[in-house]
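[1] Sequence isn't available, so here's the structure alone:
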């Protein structure tokens, strides 16, 4: 596929990407999806941890073979620099001069101690936008605390409402602090670009991964504020709706989710499963269904147990009830609906060949978007950036190579 074209919303915007792990790369992935030229600055001497993580195609590890890295760095370029070398730092400065946005997600203050803080970036390019995506924000008594995405889940309060009735708080199975911060960081960058277009001014964006993860939990915080107590853990159940749960189906570890929001939906569900449920006095109202939720779950569970999740889905969706299988990775990989929408991306990669990755989850009908190439190998675009972006000649590039600045 060709490089980004002028039809894309962020065509002409260049991003100097100093991020690593997940939160920062997920932010810059969104900008790449929208057509920005994202130049990822990395080093073989301090390889990003995600280049060292499985899954590995064919079980063979390598810095360019990580499925994790290759998912979150599609459509980007890679410039290899050893930023401990003064000449490499000069290259980084030249890149910032020619960039619109600088993104970093180190701990608070680290980027400045490296010699690349906002004050330096602003001196290099007066209208540059710099976003720092630290764990706790750039200010406050805990700003210099060590942070990692998995810790953001309990810290944000999500674990306090996740788990079964009477159980301890539980993790939710994913490091939500990372992608949530990445998405909100991308939105903040877009807002800053709009502001710069109107005023000509760049600015500094201070994003806290803790705060961005807390934004997923307004109901619990509102409950505490309004009633003085937080919601209790109750598995897959909803505080008001019933039924609202995951039910076991026929097959090996097959499940289906069913959610009913009002009396009309309940009547349709009951008639589709057992018409007598619609007249059972235990389930005559939302309040009574919550009071008799165990009996209700048992009745629905018995009906689901002899059917596949797909059969349950088809029967209940036909009745206008929200029901869908609990999908696993294979289900998603093979799903015909996702395939029909061309959600998945299959771009050739120099080392691992053509592999399936998740693509862009939105479509702009007047600005067609597509992932234009697979994630870069480490340093794959160093020559391009030095020559085409920075305008270096053979002598200067050779000198950088001789000193080891490019690594």
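    That came through, no problem. Small disclaimer: the values here were computed from a predicted structure and weren't measured. Residues are numbered from 1 along each chain as shown.

[2] distance of residue 52 from residue 20?
    Separation of residue 52 from residue 20 (Cβ to Cβ, to the nearest Å) stands at 11 Å. All C-beta spots, glycine's among them, are computed from the backbone N, C-alpha and C.

[3] now do residue 267
    53 Å.

[4] More neighbours: which of these two?
    Neighbour count, other Cβ atoms under 10 Å: between residue 267 and residue 20, residue 20 has more, with 21 against 16.

[5] From residue 110, how far off is the more buried one?
    11 Å.

[6] what pLDDT does residue 5 get?
    Residue 5 is assigned 56 on the pLDDT scale.

[7] Residue numbering should commence at 431 henceforth.
    All right, first residue 431 from here; so that's residue 435.

[8] Now do the strands in the stretch 431-580 of the chain.
    For the stretch 431-580 of the chain, the strands defined by DSSP state E, counting those that start in this stretch cover 444-447, 467-472, 507-510, 531-534, 559-564.

[9] Give the other helices and strands that the last one contacts.
    In other words, strand 559-564. Applying 3 or more Cβ pairs under 8 Å, 6 or more residues apart in numbering; DSSP states H and E, we find strand 559-564 packed against helix 453-463, strand 531-534, helix 548-554, helix 607-629, strand 633-638.

[10] What's the mean pLDDT across the third one?
    This means helix 548-554. 98.

[11] Can you list the neighbours in contact with it?
    For helix 548-554, the surrounding residues in contact (Cβ atoms under 8 Å, 6 or more residues apart in numbering) are 523, 526, 527, 532, 542, 558, 560, 562, 632, 634.

[12] Tell me which residues touch the most centrally placed residue in the chain, please.
    In the chain, the residue lying closest to the centroid (Cα atoms, centre = their mean) is residue 609, at 2.9 Å. Listed by Cβ under 8 Å, 6+ apart, the contact set of residue 609 reads 452, 453, 456.

[13] Name the helix or strand of the protein that has the lowest mean pLDDT.
    When each helix and strand of the chain is scored by mean pLDDT, DSSP states H and E, helix 579-586 comes last, with a mean of 87.

[14] relative to helix 607-629, how tilted is that helix?
    In terms of direction (axes from the mean of the first three to the mean of the last three Cα atoms, to 10 degrees), helix 579-586 departs from helix 607-629 by 90 degrees.

[15] Tell me the helices and strands packed up against helix 579-586.
    Short answer (3+ Cβ pairs under 8 Å, 6+ apart): helix 579-586 packs on helix 607-629, helix 639-644.

[16] Could you pull out the buried residues of that helix?
    579, 581, 582, 583, 585, 586 (16 or more other Cβ atoms under 10 Å).

[17] which one of those residues sits closest to residue 743?
    Closest approach to residue 743 among the buried residues of helix 579-586 (Cβ to Cβ): residue 583, at 29.4 Å.

[18] returning to what we had before: go through the strands of the stretch 431-580 of the chain and name the closest to residue 825.
    Nearest to residue 825 among the strands of the stretch 431-580 of the chain is strand 507-510 (19.1 Å), distances taken as Cβ to Cβ.

[19] Could you report the separation of residue 647 from residue 611?
    Look at residue 647 and residue 611: by Cβ to Cβ, they are 14 Å apart.

[20] Among those two, which residue is more densely surrounded?
    The neighbour comparison of residue 647 against residue 611 (other Cβ under 10 Å) goes to residue 611, with 29 against 16.

[21] Can you give me the domain assignment for the protein?
    444-646+769-833, 674-678+685-755 (automatic domain parsing).

[22] Reformat the ones you listed as CSV; add distance to residue 667.
    Converted to CSV, the domains of the chain look like this (distance: least, Cβ to Cβ, whole Å):
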stretch, distance to residue 667
domain 444-646+769-833, 8
domain 674-678+685-755, 6
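
[23] So which of those domains is nearest residue 666?
    Of the domains of the chain, nearest to residue 666 by Cβ to Cβ is domain 674-678+685-755, at 4.6 Å.

[24] for the contacts of helix 548-554, which one is nearest residue 674?
    residue 562 (39.6 Å).

[25] That closest one: neighbour count?
    When counting by other Cβ under 10 Å, one arrives at 26 neighbours for residue 562.

[26] and if you look at the one 5 residues further on?
    Using other Cβ under 10 Å, the number of residues around residue 567 comes to 18.

[27] list the contacts for it?
    For residue 567, the contact set (Cβ under 8 Å, 6+ apart) comprises 538, 573, 636, 637, 638, 640, 641.

[28] Quick one, grab the pLDDT at the closest residue to it other than its chain neighbours.
    Among residues not flanking residue 567 along the chain, residue 638 sits closest, at 3.5 Å (Cβ to Cβ, 6 or more residues apart in numbering). At residue 638, the model reports a pLDDT of 97.

[29] Repeat that for residue 649.
    Per-residue confidence for residue 649 comes out at a pLDDT of 88.

[30] so it makes contact with residue 661?
    Yes. Counting by Cβ atoms under 8 Å, residue 649 touches residue 661, with 7.1 Å between them.

[31] And the strands in the stretch 631-780 of the chain, which stretches?
    With DSSP E, counting those that start in this stretch, the ranges of strands along the stretch 631-780 of the chain come out as 633-638, 674-678, 685-689, 752-755, 774-779.

[32] Pull out the buried residues from the second one.
    Read that as strand 674-678. Across strand 674-678, burial judged by 16+ other Cβ under 10 Å covers 674, 675, 677.

[33] Next up, the contacts around the spatially closest residue to the last one that is not a sequence neighbour.
    Excluding the flanking residues, the one nearest residue 677 by Cβ to Cβ, 6+ apart is residue 734, at 4.2 Å. Residue 734 is in contact with 677, 678, 679, 686, 742, counting by Cβ under 8 Å, 6+ apart.

[34] Select, out of the helices and strands packed on strand 559-564, the one closest to residue 809.
    The nearest among the helices and strands packed on strand 559-564, by Cβ to Cβ, is helix 453-463 at 16.4 Å.

[35] tell me what that closest one is packed against?
    strand 444-447, strand 467-472, helix 497-502, strand 531-534, strand 559-564, helix 607-629.
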